[in-house]
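[1] Have a look at this prediction, sequence included:
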Protein chains: 4
Amino acid sequence: MQAHLTIQAAIEQVNNWGRWGADDELGTLNYITPEKRIRASQLVKRGMTFSLSLPFERFGLQPPMNQRLNPQHIMLTSGSDLLAGTQPGQKGGYGYADDMIIMALQAATHWNALSHMFYDYHMYNNRHCSLVGSEGATKNDIVVAASPIVGRAVLLDFPRALGVSWLSEDHYITVAEIERTLSQQAVHIEPGDILLFRTGHMTRFLSSGNWSEYTYTNAPGPRLEVLPWLHERQIAAVASDTWAFEAIPSRTPLWLPIHAVGIVYMGLMIGENFLLDEWASDCAHDGVYDAFIGAGPIPFPGAVGAPVNPLVVK
Amino acid sequence: MQAHLTIQAAIEQVNNWGRWGADDELGTLNYITPEKRIRASQLVKRGMTFSLSLPFERFGLQPPMNQRLNPQHIMLTSGSDLLAGTQPGQKGGYGYADDMIIMALQAATHWNALSHMFYDYHMYNNRHCSLVGSEGATKNDIVVAASPIVGRAVLLDFPRALGVSWLSEDHYITVAEIERTLSQQAVHIEPGDILLFRTGHMTRFLSSGNWSEYTYTNAPGPRLEVLPWLHERQIAAVASDTWAFEAIPSRTPLWLPIHAVGIVYMGLMIGENFLLDEWASDCAHDGVYDAFIGAGPIPFPGAVGAPVNPLVVK
Amino acid sequence: MQAHLTIQAAIEQVNNWGRWGADDELGTLNYITPEKRIRASQLVKRGMTFSLSLPFERFGLQPPMNQRLNPQHIMLTSGSDLLAGTQPGQKGGYGYADDMIIMALQAATHWNALSHMFYDYHMYNNRHCSLVGSEGATKNDIVVAASPIVGRAVLLDFPRALGVSWLSEDHYITVAEIERTLSQQAVHIEPGDILLFRTGHMTRFLSSGNWSEYTYTNAPGPRLEVLPWLHERQIAAVASDTWAFEAIPSRTPLWLPIHAVGIVYMGLMIGENFLLDEWASDCAHDGVYDAFIGAGPIPFPGAVGAPVNPLVVK
Amino acid sequence: MQAHLTIQAAIEQVNNWGRWGADDELGTLNYITPEKRIRASQLVKRGMTFSLSLPFERFGLQPPMNQRLNPQHIMLTSGSDLLAGTQPGQKGGYGYADDMIIMALQAATHWNALSHMFYDYHMYNNRHCSLVGSEGATKNDIVVAASPIVGRAVLLDFPRALGVSWLSEDHYITVAEIERTLSQQAVHIEPGDILLFRTGHMTRFLSSGNWSEYTYTNAPGPRLEVLPWLHERQIAAVASDTWAFEAIPSRTPLWLPIHAVGIVYMGLMIGENFLLDEWASDCAHDGVYDAFIGAGPIPFPGAVGAPVNPLVVK
């Protein structure tokens, strides 16, 4: 039986501060080498693509009234103005439409930057939290992740492995279950991989048509004990079809211990609210659970997280 | 000598309405086949990645006071709040940062959707402009482009071919110049390619540190005459390091004739404000001007354009 | 028994187009004369003030996910940044806080502009609806109302007159009930008055702590039949503690007939979501139902409505 | 000759902490008594109204690219949509327009809340700056000022008194100049008055049509020495036609010493960017420099400042 891992012990086991130099802002993305990308490109065998991004919409997964605003899409001008004859420069029905967005950067499918979390008043690589003030993150912002996230993705389809539609809210994913699922899927993981955890939690809310209880509530996922396993295998990034990647409640004194230890000490790139269903169906069909992935966030300087449209190609 | 091409003649030459069925919303992206993607993946030989996205920032390329708002990045909470002791749930310096964005969707690096432009009150595939109203585009929105844009990118580095830092504002790119540049770069184009036009115009403004005269002003680029050439070669998408892809002024009765004819009739996917400099330097160094590209826009339902972080891999 | 009033008959009875000239944009606000304001000022006898404005907050009265966004108050910098030592120019604890707002202009307490409504494709004073396009209202915008709304307010406290806490959703206020309430309150109305209709509907939702069913749903209020009565008495403006002033459902072919006929033809200034409870309690206490009022909207050029903090003084 | 006043000496002279109790959040607004309002109402003799609010617009007085965003007015739907036939529920040209705003709360005409400034890490009435965090001000927010600001306004028209169009940037207003101007205008001030300082600085920028050098730059106004004078006379509030009320540069170690000492210690309500020209012309014409004023800010809970449309009635 695995002993309960304390926060402090987890920190000691996975700490990457200084590993890639005092100036490093990439954390586990350092595991993605050029060679890794070359091998990943060889996984493109059918030329099929899958977007892992949710629609970014007003009817979204943030609870009503929350400060994390769902994407508000607003037209600045549209075909209506053209018809009304009020667009400047129009002639003969020549015109245009234009639009804008207002949203919390972590309201939909996104990567967390390494400046998203603090523990002991510090963020990744021993940087003080005062480096993230009202003008944004002066270190560890999301821009550094704009180009590196290209490599091999491996899907872990837990509910399909268990023969259920989705994991229940109180299901937590153990190391043993990860290894059993990999084995069942006949796929091996390697250093530099990007692991996509499918819990079916998003499938469940999509099927209900109501997100109001999705974010900030209990969710299936891995617990802190999984971090050392990810660390030893040199996983470059993880993401899931849940709002926080990790199991909630966490059974630790912290609400989100994988955020605290993983992001702050390990420098782990964590993606949230990835939509994995279509790709997962395809994987179940052809039995191939790895693929090429390109998943660069939109580079907002100073941002502590950013939207991404992750593209999987197989 | 090439005769001047009228709007009407251009429409007749490049019209793709109905070509892929009455329901089609993809336009020229249909040229990207699975086989194309497989071959494109074989271009990954060094495992290098390049993001073609500008930083999305307040000090951006839209002119002050314009309705197209530059990205306004605003912190919702930060390390300052953690230090002040005002974050809920904090203990022992455990806390987080969160943020939001307000921006015009076409303020920085983006793809135009096929609902962005109208001519004769219609958009691509014979759809009336009233399908784009205050709730957004009900047809031809950007979401359809979320997954397909994965394939082969070919860089056309015009200023480097000419031995200049950038094309002047009044330089327009002819078919002959495109073919000469391809030849000089020793690269061939094929159906389904994504062509990236580097004019150096963005390089010029980046070096000046002042964007205030960049958008809505004269710019180098191709004129309408280039459209039939792109059409015949079945190019899947184009993009440039300028604000509107095409040469301005256009020498036609329309301000943006490639937008009108290309987007509306040809269904051409056009990307704007792509940052090509780093990749271009690399191409000049290794002499390889084609690469694998993944460039899926953030899928905002109803949007007539959307931010993208295009990733080139070679 | 009063015969049912048709839309067309109501239009004919209350039409003010041209009454104050072809250039007029004030509508019924023209009834507020300087003499009226002088007399109104003489109602200030105790020096007490009442704000009729709701708190403008995120937890507001627009339903979740609606395009009419509740006020989103966001800090740009705060005392936290001062404590963290990250504010420019700070020394010895000298610093500041700053903030912003994002909101639909009619999300909380507001006046409708005369450009808010159209009927037969026109707005007040025979102006075509194409004068209100994507850049806002070029005529009849809210700015014209910035200074005139200073005069005499008369409260109509219907639930108190009936001895109930609030009118039920399906209660509609007749002319007879208005006159009975005035009589019961021992107050007379005069030309140029601003009438405040208290239904208790807001009281009910405030007491429930949940606005989610408040806006866009049934509500008590006057029906179309009341418009000619307001017209004959030369009422300058009306407002209520409901989201749309009028009774919903309306028993006419239009959802909001008072909006259509009153705003478009009569040029009636209508205020919505006014918080009348505190003032009403005071009126019940001292038996004085009229007061001085100053209620100028924030002047957003082109706006079709705007927030207001109406101040009543008695 | 008046000796130079140090920050510390000024604090000692004007400190109002505890004066109105430990719970007070109103500061100098306490000077406005009911009796004061009654007497002020008697100043309404001609029934004329003047709005002291600037238009709130995109082409506003905040410098481009600043985090303090000028008001962005955006239509949600308009007459164009009605014409296009895309509004829900429309029939026979029956439809509506709706809109929204995005803006920094202190971008245009506004009151500062007593939570806007900190000195020695504290705000008014000995409250720690940590009470103003990412959710806004939990004490001293703008909501407390929603109803009290109704009373007597006195205009100080400095440039007119000097026979110039506007005070130069480096002009600072002394106590002697205030008293001379009052005398020249034949008006006396009393406890509880609201003093409006007209410098003509805004007139100058309005006449130039270009705000880009207006905010955050040098401006005419009173220096710290004026605070004790305001304190002794029990002035309830001050405002001006400049961006910061006070003279800049300040000749003290602090950039904005009146903000620091006046707001923090004295609890002085300060208004900025008030448009005084039209009222001032009227005062010059009739020789009456006092008036009734109602100037309640829009009550955003937690806000450290808020827009206001101040209405003067004479």
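    Sure thing, it's come through.

[2] Okay, and A:Pro159 sits in which element?
    Using DSSP states H and E, the element containing A:Pro159 is helix A:158-162.

[3] I meant to write A:Ile298 there.
    Assessed by DSSP H and E, A:Ile298 sits outside every helix and strand.

[4] likewise A:Phe118?
    strand A:117-118.

[5] quick one: average pLDDT of that strand?
    The pLDDT scores in strand A:117-118 average 98.

[6] what do you get for stretch A:157-164?
    98.

[7] which residues are contacting that stretch?
    A:165-167, A:173, A:177, A:180-181, A:184-185, A:197-200, A:203, A:220, A:276, A:280, A:283-284, A:289 (Cβ atoms under 8 Å, 6 or more residues apart in numbering or on different chains). C-beta here means a position set from N, CA and C on the backbone, and glycine is covered the same way.

[8] Could I get the contacting residues of the residue nearest the centre of chain A?
    Among the residues of chain A, the one closest to the centroid is A:Gly271, at 1.1 Å (Cα atoms, centre = their mean). A:Gly271 is in contact with A:Thr109, A:His110, A:Trp111, A:Asn112, A:Ala237, A:Val238, A:Ala239, A:Ser240, A:Phe245, A:Ala295, A:Val308, A:Pro310, counting by Cβ under 8 Å, 6+ apart.

[9] these two touch, right, the third one and A:Val144?
    No - with contacts defined as Cβ atoms under 8 Å, A:Trp111 does not count as touching A:Val144, sitting 10.9 Å away.

[10] between those two, who's got more neighbours?
    Using other Cβ atoms under 10 Å in any protein chain shown as the criterion, A:Trp111 and A:Val144 rank with A:Trp111 on top: 29 against 19.

[11] and the more buried one, what are its phi and psi?
    phi -100, psi 140 (degrees, to the nearest 10).

[12] At which residues are the strands of the stretch 151-300 of chain A located?
    With DSSP state E, counting those that start in this stretch as the criterion, the stretch 151-300 of chain A has strands at A:172-173, A:194-198, A:221-222, A:237-240, A:269-272, A:290-294.

[13] which residues of chain A score low on pLDDT?
    A:1-3 (pLDDT under 70).

[14] run the last query once more with 50
    Across chain A, the ranges flagged by pLDDT under 50 are A:1-2.

[15] thinking again about what came up before, can you confirm whether the helix or strand just after the strand holding A:Phe118 lies near chain B?
    Counting by DSSP H and E, the element after strand A:117-118 in chain order, helix or strand, is strand A:122-123. Yes - using Cβ under 8 Å from any Cβ of the partner chain, strand A:122-123 reaches chain B at A:His122, A:Met123.

[16] again, but for stretch A:129-146
    Yes - Stretch A:129-146 lies within reach of chain B by Cβ under 8 Å from any Cβ, at A:Cys129, A:Ser130, A:Leu131, A:Val132, A:Gly133, A:Ser134, A:Glu135, A:Gly136, A:Ala137, A:Val143, A:Ala146.

[17] For the stretch 1-150 of chain A, just list every one of the helices.
    Per DSSP state H, counting those that start in this stretch, the stretch 1-150 of chain A carries helices over the ranges A:7-14, A:34-41, A:79-84.

[18] how about JSON lines for those, with distance to chain B and mean neighbour count added?
    Shown next, in JSON lines, are these (distance: least, Cβ to the nearest Cβ, whole Å; neighbours: other Cβ atoms under 10 Å in any protein chain shown):
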{"stretch": "helix A:7-14", "distance to chain B": "9", "mean neighbour count": "17"}
{"stretch": "helix A:34-41", "distance to chain B": "3", "mean neighbour count": "20"}
{"stretch": "helix A:79-84", "distance to chain B": "3", "mean neighbour count": "28"}
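
[19] Looking at those helices, which is nearest to chain D?
    Among the helices of the stretch 1-150 of chain A, helix A:79-84 comes nearest to chain D, with 3.8 Å by Cβ to the nearest Cβ.

[20] ok, the residue of the stretch 201-314 of chain A found nearest chain C - contacts?
    For the stretch 201-314 of chain A and chain C, the shortest gap (Cβ to the nearest Cβ) falls at A:Ser212, measuring 8.0 Å. Residues near A:Ser212 by Cβ under 8 Å, 6+ apart: A:Pro63, A:Pro64, C:Pro64.

[21] any idea how far chain D is from whatever residue of the stretch 1-150 of chain A ends up closest to chain C?
    Closest contact between the stretch 1-150 of chain A and chain C, by Cβ to the nearest Cβ, is at A:Pro64 (3.2 Å). Between A:Pro64 and chain D the distance is 17 Å, computed by Cβ to the nearest Cβ, to the nearest Å.

[22] Could you do A:Thr77 as well?
    Between A:Thr77 and chain D the computed distance is 8 Å (Cβ to the nearest Cβ).

[23] ok, now A:Val187?
    A:Val187 is 43 Å from chain D, by Cβ to the nearest Cβ.

[24] Pretty sure that residue sits against A:Val154.
    Yes - with contact defined as Cβ under 8 Å, A:Val187 and A:Val154 form a contacting pair (5.9 Å).

[25] anything in contact with each of the two?
    Common neighbours of A:Val187 and A:Val154 (Cβ under 8 Å, 6+ apart) are A:Tyr289, A:Asp290.

[26] between these two, who's got more neighbours?
    For A:Val187 versus A:Val154, the count of surrounding residues by other Cβ under 10 Å is larger for A:Val154: 21 against 17.

[27] Contact partners for that one?
    When contacts are counted by Cβ under 8 Å, 6+ apart, A:Val154 touches A:Leu182, A:Val187, A:Ile189, A:Asp193, A:Ile194, A:Leu195, A:Leu196, A:Tyr289, A:Asp290.

[28] Quickly list what the last one is bridged to.
    Spelled out, that is A:Asp290. Assessed by DSSP bridges, A:Asp290 has beta-bridge partners A:Val154.

[29] which bits of chain A sit near chain D?
    So chain A meets chain D at A:67, A:74, A:76, A:78-81, A:83-84, A:86, A:100, A:102, A:135 (Cβ under 8 Å from any Cβ).

[30] which of these lies closest to D:Gly18?
    Set against D:Gly18, the nearest of the residues of chain A next to chain D by Cβ to Cβ is A:Gln67 (34.4 Å).

[31] In space, what's closest to that closest one - neighbours in sequence excluded?
    Closest residue to A:Gln67 apart from its sequence neighbours, by Cβ to Cβ, 6 or more residues apart in numbering or on different chains: B:Leu76 at 5.5 Å.

[32] distance of that neighbour from B:Thr215?
    Relative to B:Thr215, B:Leu76 is positioned 29 Å away (Cβ to Cβ, to the nearest Å).

[33] For the stretch 1-150 of chain A, which segments count as strands?
    A:49-51, A:72-77, A:95-96, A:98-104, A:110-112, A:117-118, A:122-123, A:127-128, A:132-133, A:136-137, A:150-157.

[34] mind putting those strands in JSON lines, distance to C:Gly92 included?
    Output for the strands of the stretch 1-150 of chain A, formatted as JSON lines (distance: least, Cβ to Cβ, whole Å):
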{"stretch": "strand A:49-51", "distance to C:Gly92": "53"}
{"stretch": "strand A:72-77", "distance to C:Gly92": "41"}
{"stretch": "strand A:95-96", "distance to C:Gly92": "53"}
{"stretch": "strand A:98-104", "distance to C:Gly92": "35"}
{"stretch": "strand A:110-112", "distance to C:Gly92": "36"}
{"stretch": "strand A:117-118", "distance to C:Gly92": "27"}
{"stretch": "strand A:122-123", "distance to C:Gly92": "27"}
{"stretch": "strand A:127-128", "distance to C:Gly92": "21"}
{"stretch": "strand A:132-133", "distance to C:Gly92": "19"}
{"stretch": "strand A:136-137", "distance to C:Gly92": "26"}
{"stretch": "strand A:150-157", "distance to C:Gly92": "49"}
